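Student: Predicted model, plus sequence, below.
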Amino acid sequence: MYKNFSFKITGLFFMASMLVGNLGAMGAKAAAPANSSGGSFPPVADAYVISTSASTNYGTIPTLRVDGSPVTKTYLRFVVSGLNGVTVQSAVLRIYANSANSTGFSVKAVSNNTWTENLLTYSNAPAAGSLIKSSAAISAGTWVQVDVTSYVKADGTYNLQLSTSSGTNTSLASRESGANAPQLVINSGTGSSTPTPPPSTTPTKTPAPAFVPAGSSNILLLAGDICKHDLGIADYTSNCKKTGDLVRSVIAANPGTQVQTLGDNVNNDTGKYAYDNQYTDLYAPNWGSFLNVTHALMGNHDTYPPSGAAPYFAYFGATSGPNPGGYYSYNLGSSWHVVVLNAQCTLAGGCKAGSTQYKWLSADLAANTKPCILAVWHQPRWTSGRHPGDATYADWWNLLYQYKADIVANGHNHNYERFNQINTSEQAAADGIREFVVGTGGAPSDNLTYASNPLDPNEVVRTQVASYGVLKLTLYANSYTWNFLAAVGYTFTDSGTSTCH
């Protein structure tokens, strides 16, 4: 891991490091069968951008898209090497079409070589140059081939932009799709010789630039304070459904996405709906369809009468961790370790130093071999929300800081909050932990203003009006991006990128 990487990367070092990092990423992709007198190169980066979501990145999902309205464009980067001075006789872009388009798409050259897959948006996308060639009409479930020989001449890095005038939203397979990943097929005209592909691994000890993904990504969606029955005329149940629909849409577009709840999965205190039934009559129809990819977390409302935590454990089963206790850990991909803690201390053997749960946490962190750490529990250590920060969890924070944890995510307050990286005293620290509060799953918003509740030291943002949605973490080998995804009818967004410690 390369820690505390400066945000101010010089252009020359950025381009050189990015090429090294991307070569390593390309080596992890299996090339499709090539022409016997040439080679087939997968892209080292690809993403699409949309004019109506100008600040949103679409670089880590298994699809690419082109559309004329709203304007949607795809960018691809290929690195060709091993030709050793031999002139290219032909170069063909091959891309798999998931859907049809009677117009096809245009392929243009892009001279800018510094855009990155997981940061590219419509707002920062480089302009395209001259037209190389246009495809024919596209049929769904077929490979589309476009001759790009006029642009690809020899060894080098080549950037392409795909666009269309058609109003049909057309889906193409990205490099994350596996066997249907795009290809640049080169014929060098040298008989049976085949160009040598780029190295399969990144050279040892060569730091990749911050935020260039190395290897596959993993998406984790987080939210707490999720489902609440209607009280009076307030329509709380529909907010729970909206966030559930949002999660379903992300999972559909990104197979393999996982979900982490942040507690208070159900929220009624009193009234006609007994807690024993709320997981099946409220949570299940709204968030239950993706239970198979859900990791559950206990909140204070998940422990209420008449049966305490028993209905929580009965509904979530193995996804809630051991009973009793409710704390556990799991790994995501090759680089991330996720620790799920139970902030309902009396049900989990305590929270303070020396308690059963604290000793487990200490042993778990000591045994962890993953370079990046995310920890979650319900009541936040630091917050400017309606419920104040809770020093009950100071010993957890101190221990996580000692082990260089990267992220802590909580719920409890019904708002969204994000802090800068902070130490054990809530002071800014380059090796600090970034805290998120994501109590936006559907329970009624706290609607606090900055005037009534000023932000904490080193807190960046807190929602001031009702904002329902989920936090999307895209986890890479040495970095992560965050995006707050708003449910239908809400507009708040927040996004950024950081490296692991």
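Tutor: Looks like it arrived, so ask away. Residues are numbered from 1 along each chain as shown.
Student: right, and the helix or strand after the helix or strand of the chain with the lowest mean pLDDT?
Tutor: Within the chain, no helix or strand scores below helix 11-27, which has a mean of 35 by mean pLDDT, DSSP states H and E. Counting by DSSP states H and E, the element after helix 11-27 in chain order, helix or strand, is strand 38-41.
Student: Would you mind pulling up the elements that whatever helix or strand comes next after that following strand packs against?
Tutor: Using DSSP H and E, the helix or strand that follows strand 38-41 in sequence is strand 45-50. Strand 45-50 makes packing contacts with strand 63-68, strand 71-80 when contacts are defined by 3 or more C-beta pairs under 8 Å, 6 or more residues apart in numbering; DSSP states H and E. Backbone N, C-alpha and C define where each C-beta goes, glycine included.
Student: Among these, which comes closest to residue 463?
Tutor: strand 71-80 (28.8 Å; C-beta to C-beta).
Student: Please write out the alpha-carbon positions of the closest one in PDB.
Tutor: Below are the C-alpha coordinates for strand 71-80, written out as PDB (Å, rounded to 0.1, in the frame of the first residue of the first chain):
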ATOM      1  CA  VAL A  71     -26.400  12.600 -24.600                       C
ATOM      2  CA  THR A  72     -24.500   9.500 -23.500                       C
ATOM      3  CA  LYS A  73     -20.900   8.700 -24.600                       C
ATOM      4  CA  THR A  74     -18.500   5.900 -24.000                       C
ATOM      5  CA  TYR A  75     -14.800   6.200 -23.600                       C
ATOM      6  CA  LEU A  76     -12.200   3.400 -24.000                       C
ATOM      7  CA  ARG A  77      -8.400   3.200 -23.700                       C
ATOM      8  CA  PHE A  78      -6.300   0.500 -25.200                       C
ATOM      9  CA  VAL A  79      -2.500   0.000 -24.900                       C
ATOM     10  CA  VAL A  80      -0.900  -1.700 -27.800                       C
END
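Student: Could you check the angle whatever helix or strand comes next after that strand makes with strand 71-80?
Tutor: Using DSSP H and E, the helix or strand that follows strand 71-80 in sequence is strand 90-97. Put simply, strand 90-97 runs at 130 degrees to strand 71-80, going by axes from the mean of the first three to the mean of the last three C-alpha atoms, to 10 degrees.
Student: tell me the angle strand 90-97 makes with strand 63-68.
Tutor: Using the same axes, to 10 degrees: strand 90-97 against strand 63-68 is 90 degrees.
Student: Once you drop chain neighbours, what's closest to residue 323?
Tutor: residue 313 (4.3 Å; C-beta to C-beta, 6 or more residues apart in numbering).
Student: where's residue 255, which helix or strand?
Tutor: Short version, using DSSP H and E: residue 255 is in no helix or strand.
Student: Report how many residues lie close to it.
Tutor: By the measure other C-beta atoms under 10 Å, the count of residues near residue 255 is 12.
Student: correct me, but it touches residue 61?
Tutor: No. At 9.2 Å, residue 255 does not count as touching residue 61 under the criterion of C-beta atoms under 8 Å.
Student: Quick one: mean pLDDT over the helix or strand harbouring residue 157.
Tutor: Residue 157 is located in strand 156-163, with elements delineated by DSSP H and E. Mean pLDDT, computed over strand 156-163, is 94.
Student: Would you mind pulling up the elements that that strand packs against?
Tutor: Packing partners of strand 156-163 (3+ C-beta pairs under 8 Å, 6+ apart): strand 63-68, strand 71-80, strand 106-110.
Student: Switch the helices and strands packed on strand 45-50 over to a markdown table; also include distance to residue 410, mean pLDDT and mean neighbour count.
Tutor: Shown next, in a markdown table, are the helices and strands packed on strand 45-50 (distance: least, C-beta to C-beta, whole Å; pLDDT from 0 to 100; neighbours: other C-beta atoms under 10 Å):
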| stretch | distance to residue 410 | mean pLDDT | mean neighbour count |
| --- | --- | --- | --- |
| strand 63-68 | 32 | 92 | 22 |
| strand 71-80 | 36 | 93 | 23 |
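Student: could those strands be laid out in CSV, adding distance to residue 144?
Tutor: Below are the helices and strands packed on strand 45-50 laid out as CSV (distance: least, C-beta to C-beta, whole Å):
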stretch, distance to residue 144
strand 63-68, 11
strand 71-80, 12
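Student: so which of the helices and strands packed on strand 156-163 comes closest to residue 353?
Tutor: Closest among the helices and strands packed on strand 156-163, using C-beta to C-beta: strand 63-68, at 47.6 Å.
Student: Could you give the separation of the closest one from the chain centroid?
Tutor: With C-alpha atoms, centre = their mean, to the nearest Å as the basis, strand 63-68 stands 20 Å off its chain's centre.
Student: Give the other helices and strands that that strand contacts.
Tutor: Here strand 63-68 touches strand 45-50, strand 71-80, strand 156-163, strand 170-173, going by 3+ C-beta pairs under 8 Å, 6+ apart.
Student: Which among the ones you listed is found nearest to residue 501?
Tutor: Nearest of the helices and strands packed on strand 63-68 to residue 501, taken as C-beta to C-beta: strand 45-50 at 25.2 Å.
Student: Can you tell me the SS state at the residue nearest to residue 323?
Tutor: helix (DSSP: H, G, I helix; E, B strand; the rest coil).
Student: Contact partners for residue 469?
Tutor: 223, 243, 246, 416, 440, 484, 485, 486, 487, 490, 492 (C-beta atoms under 8 Å, 6 or more residues apart in numbering).
Student: Against residue 492, how distant is the nearest residue to it once chain neighbours are set aside?
Tutor: Spatial nearest neighbour of residue 469, excluding adjacent residues (C-beta to C-beta, 6+ apart): residue 486 at 4.3 Å. Residue 486 sits 6 Å away from residue 492, going by C-beta to C-beta, to the nearest Å.
Student: any shared contact partners between the two?
Tutor: Shared contacts of residue 486 and residue 492, counting by C-beta under 8 Å, 6+ apart, come down to 467, 469.
Student: quick revisit: residue 45: which of the helices and strands packed on strand 45-50 is closest?
Tutor: strand 71-80 (4.3 Å).
Student: The closest one pairs with which strands, parallel or anti?
Tutor: Using DSSP bridges, the strands paired with strand 71-80 are strand 45-50 (antiparallel), strand 63-68 (antiparallel), strand 156-163 (antiparallel).
Student: Give me the contacts around the first one.
Tutor: The reference is to strand 45-50. 22, 25, 56-59, 63-67, 70-77, 115-118, 120-122, 125, 174-175, 182.
Student: Show me the shaky parts of this protein.
Tutor: 1-38, 188-217, 230-236, 268-276 (pLDDT under 70).
Student: repeat that for 80
Tutor: Scanning the chain for pLDDT under 80 picks out 1-40, 60, 81-87, 177-179, 188-217, 229-237, 268-277, 281, 305.
Student: ok, back up a step: wait, the residue nearest to residue 323 sits on residue 322?
Tutor: No. With contact defined as C-beta under 8 Å, residue 313 does not count as touching residue 322 (9.2 Å).
Student: Out of those two, name the residue with the larger neighbour count.
Tutor: residue 313 (20 against 11).
Student: Next, give phi and psi for residue 53.
Tutor: Dihedral angles of residue 53 (phi, psi; degrees, to the nearest 10) stand at phi -130, psi 60.
Student: Spit out the contact partners of it.
Tutor: Contact analysis of residue 53 by C-beta under 8 Å, 6+ apart lists residue 122.
Student: can you list the domain ranges for the chain.
Tutor: Split into domains by automatic domain parsing, the chain comes to 29-187, 218-499.
Student: Chain neighbours aside, what residue packs nearest to residue 383?
Tutor: residue 389 (4.9 Å).
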